[in-house]
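Novice: the sequence and its predicted three-dimensional model are supplied below.
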Amino acid sequence: MTTSSSEARAHQYVSDLFGVAGKVVVVTGGGRGIGEMIAEGFVQAGARVYIASRNAETLTRTAERLSEFGECIALPADLGNMDGVHALAAEIAGREQHVHVLVNNAGAAWGGPIDTYSEDGFDRVLSVNLKGLFVLTQKLLPLLRAAASSSDPARIINIGSVNGLTAPRVGSNNWAYSASKAGVHMLTQHLALDLAAEHITVNAVAPGPFETKMMAHVFNDPERSDALMKRVPLHRSGGSDDAAGATIFLASRAGSYLTGVVIPVSGGIEL
């Protein structure tokens, strides 16, 4: 076997093992931040990607940018409002006969001292991060079941957080956020057990520090940013390849035998 044919064979093997080309993928919260990173990875890898979030302007701008690389469709929806969740599911069902991958990434955060923490803020965070995730998964199950097979399961990938694995050690007052992400991790295991017989895997990714709008208050403060990076064993924040790589792995043939796991993508900050 020549070197060139050996390299081609190796390339094809890796492409087949980690490939997601042709899959229909839904990414909530896909207009910015980690959701945008994940959506871009899937688009670049040849999937048809639907992105959803509340901010229609930002979402449309992201879809236009990602459409330079492949198929990306913007579907504005408020995922903290159950009418918005139902409408999104109906819109997807009107466009597709199956969904291979659902990435539940939409998230909200709310900070404040414990004595004055907003009840409305607490409700909003749990509604988006936990209830909305569950209801959208529930409504899209018929499309996921239509895509599922024993050789290539349908995939549900929930985006949790290292704050759902261990309480923040540096003055965070994101009470509802941490609680909601711990709930996402447990819901992931619960769904994994229930849906395994239907050839649907359910896993979670738990990101650590990424330079997103949600963490701008940390990364825009050099002192706080430096203190945070000192706590990360790899001494850097996460990037686009980190977010997309873990998610594409779970959606590919390489990740087809995993279900019910929570993968920290965090540089080791939770250790």
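Specialist: Good, I have the coordinates.

Novice: tell me which residues touch Arg61, please.
Specialist: Gly31 (C-beta atoms under 8 Å, 6 or more residues apart in numbering). All C-beta atoms are positioned from the backbone trio N, CA, C, and that covers glycine.

Novice: please identify the helix or strand for it.
Specialist: Element membership of Arg61 [criterion: DSSP states H and E] is helix 56-66.

Novice: return the distance of that helix from the chain's centre.
Specialist: For helix 56-66, the distance from its own C-alpha centre to the chain's C-alpha centre is 17 Å (C-alpha atoms, centre = their mean, to the nearest Å).

Novice: I'd like the mean pLDDT over the helix or strand just after it, please.
Specialist: Counting by DSSP H and E, the next helix or strand C-terminal to helix 56-66 is strand 71-74. Here strand 71-74 scores 98 as its mean pLDDT.

Novice: strand 71-74: which residues count as buried?
Specialist: 71-74 (16 or more other C-beta atoms under 10 Å).

Novice: what pairs with it, parallel or antiparallel?
Specialist: Counting by DSSP bridges, the strands paired with strand 71-74 are strand 48-52 (parallel).

Novice: circling back to that earlier point, pull the CA atoms of the helix holding Arg61 into CSV?
Specialist: Extracted C-alpha coordinates of helix 56-66, given in CSV (Å, rounded to 0.1, in the frame of the first residue of the first chain):
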residue,chain,number,x,y,z
ALA,A,56,-34.1,37.4,16.4
GLU,A,57,-31.6,40.0,15.1
THR,A,58,-28.6,38.3,16.6
LEU,A,59,-29.8,34.9,15.5
THR,A,60,-30.4,36.0,11.9
ARG,A,61,-26.9,37.6,11.8
THR,A,62,-25.3,34.4,13.1
ALA,A,63,-27.3,32.2,10.6
GLU,A,64,-26.2,34.4,7.7
ARG,A,65,-22.5,34.2,8.8
LEU,A,66,-22.6,30.4,9.2
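
Novice: going forward, the N-terminal residue is numbered 36.
Specialist: Let's use 36 as the start, then, which means that last one is helix 91-101.

Novice: and that helix, what's buried?
Specialist: In helix 91-101, counting by 16+ other C-beta under 10 Å, buried: 93-94, 97-98, 101.

Novice: and for stretch 166-176?
Specialist: Going by neighbour count (16+ other C-beta under 10 Å), the buried part of stretch 166-176 is 166-172, 174-176.

Novice: count of residues packed around the closest residue to Trp210 other than its chain neighbours?
Specialist: Distances taken as C-beta to C-beta, 6 or more residues apart in numbering put Tyr152 closest to Trp210, at 6.0 Å, once the chain neighbours are dropped. Applying other C-beta atoms under 10 Å, we find 15 residues neighbouring Tyr152.

Novice: wait, Tyr152 sits on Asn208?
Specialist: Yes: with contact defined as C-beta atoms under 8 Å, Tyr152 reaches Asn208; the gap is 7.4 Å.

Novice: where does the protein dip in pLDDT?
Specialist: 36-38, 204-207, 248, 250-251, 253-254, 256, 306 (pLDDT under 70).

Novice: what ranges does it have for its strands?
Specialist: For the chain, the strands defined by DSSP state E occupy 59-63, 83-87, 106-109, 136-139, 189-194, 235-242, 297-300.

Novice: quick one: the fifth one to chain centroid distance?
Specialist: To tie it back to what came earlier, the one meant is strand 189-194. 8 Å.

Novice: where's the residue nearest to Trp210 relative to Val219, distance?
Specialist: Distance from Tyr152 to Val219, counting by C-beta to C-beta, to the nearest Å: 20 Å.
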